[in-house]
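Participant: Sequence plus predicted model, see below.
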Amino acid sequence: MSEQPEQAFLNDLSLSLAEGWKLLGRGSKDRKSPLHTPCVGTISPTGLPRQRIMVLREARKDDRLLRFHTDNRAGKTDDIAEDAPISVLGYHPGAKIQLRLSGTARIETDSAAADKAWSETSLFGKRCYLAEPGPGAATDKPISGLASDLEGRKPNEEEVLPGRPNFAVLLAEIEQIEWLYLAHTGHRRALFSWDATATEWTGQWLVP
């Protein structure tokens, strides 16, 4: 739940935006936060919308960046060419705030950001990228994709190394945020857009 009192941001655009980023930052660090696993939407190469729940790994207010991890062989990577459109949706029932974010995304596999993210990932997390065949491959029986000797145990650093080429970071640069506060006393809704020329957010109240 937000520590900031309701009256501090309900009628102030700048505080509302700050509260949204604060919740995202906490969500990236707290596994129990509802914003730790938002819904991420992309557009397939055939034009169909696709959504999935992803773990938010980092939320950087200063450069408007959200970071997620993915398998480079997963279908979502086909959706994300350079500057591909992306949307992120999350709701925090304790704070009573819904955030709809949109912007552009990119996939990085061989970069400093990807190397750093891999180094910070747990061994169990790295184990996911050892699956063969890759995510989404058809199979005639339910399988994890992991070798039988890796199932049910923690691997070591040497064992997870083959998974590194499959590991990627999905970076979403946010350009618009729709902020919604739900309360029986009266909802609040605002739209924030990034002004690249002025290098600042502009806000506008909306009718809920």
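Facilitator: Yep, it's here.
Participant: you'd agree S16 is in a helix?
Facilitator: Yes. S16 forms part of a helix when assessed by DSSP: H, G, I helix; E, B strand; the rest coil.
Participant: thinking it is in contact with W179, fair?
Facilitator: Yes. With contact taken as C-beta atoms under 8 Å, S16 and W179 are classed as touching, separated by 5.5 Å. Where you see a C-beta, it was placed from the backbone N, CA and C, and this is true even at glycine.
Participant: Find residues that contact each of these two.
Facilitator: Counting by C-beta atoms under 8 Å, 6 or more residues apart in numbering, the common neighbours of S16 and W179 are 188, 190.
Participant: After the longest strand along the chain, which helix or strand is next?
Facilitator: Longest strand in the chain by number of residues, with DSSP state E as the criterion: strand 167-181. Sequence order places strand 188-195 as the next helix or strand after strand 167-181, per DSSP states H and E.
Participant: what's in contact with that next one?
Facilitator: Counting by C-beta under 8 Å, 6+ apart, strand 188-195 makes contact with 10-11, 13, 16-17, 20, 64, 174-181, 200-208, all of which sit outside it.
Participant: can we see that at 6 Å?
Facilitator: 10, 13, 16-17, 175-181, 201-206, 208 (C-beta atoms under 6 Å, 6 or more residues apart in numbering).
Participant: Can you find the helix or strand of this protein with the lowest average pLDDT?
Facilitator: Least confident element among the helices and strands of the chain, by mean pLDDT, DSSP states H and E: helix 6-9 (a mean of 71).
Participant: what helix or strand does T104 sit in?
Facilitator: T104 is located in strand 97-108, with elements delineated by DSSP H and E.
Participant: Restrict the helix or strand that that strand is followed by to CA atoms and write it as CSV.
Facilitator: Beyond strand 97-108 on the C-terminal side, the first helix or strand identified by DSSP H and E is helix 112-120. Backbone C-alpha positions of helix 112-120 (Å, rounded to 0.1, in the frame of the first residue of the first chain) are rendered in CSV as follows:
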residue,chain,number,x,y,z
ALA,A,112,25.9,-4.7,-21.1
ALA,A,113,22.3,-4.5,-19.8
ALA,A,114,21.7,-8.2,-20.7
ASP,A,115,25.0,-9.3,-19.2
LYS,A,116,24.2,-7.4,-16.0
ALA,A,117,20.7,-8.9,-15.8
TRP,A,118,22.0,-12.4,-16.3
SER,A,119,24.6,-12.0,-13.6
GLU,A,120,21.9,-10.9,-11.1
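Participant: helix/strand/coil for the residue positioned nearest the centre of the chain?
Facilitator: Taking C-alpha atoms, centre = their mean, the centroid of the chain lies closest to L56, which sits 4.1 Å from it. When the structure is reduced to helix, strand and coil (three-state DSSP), L56 reads as coil.
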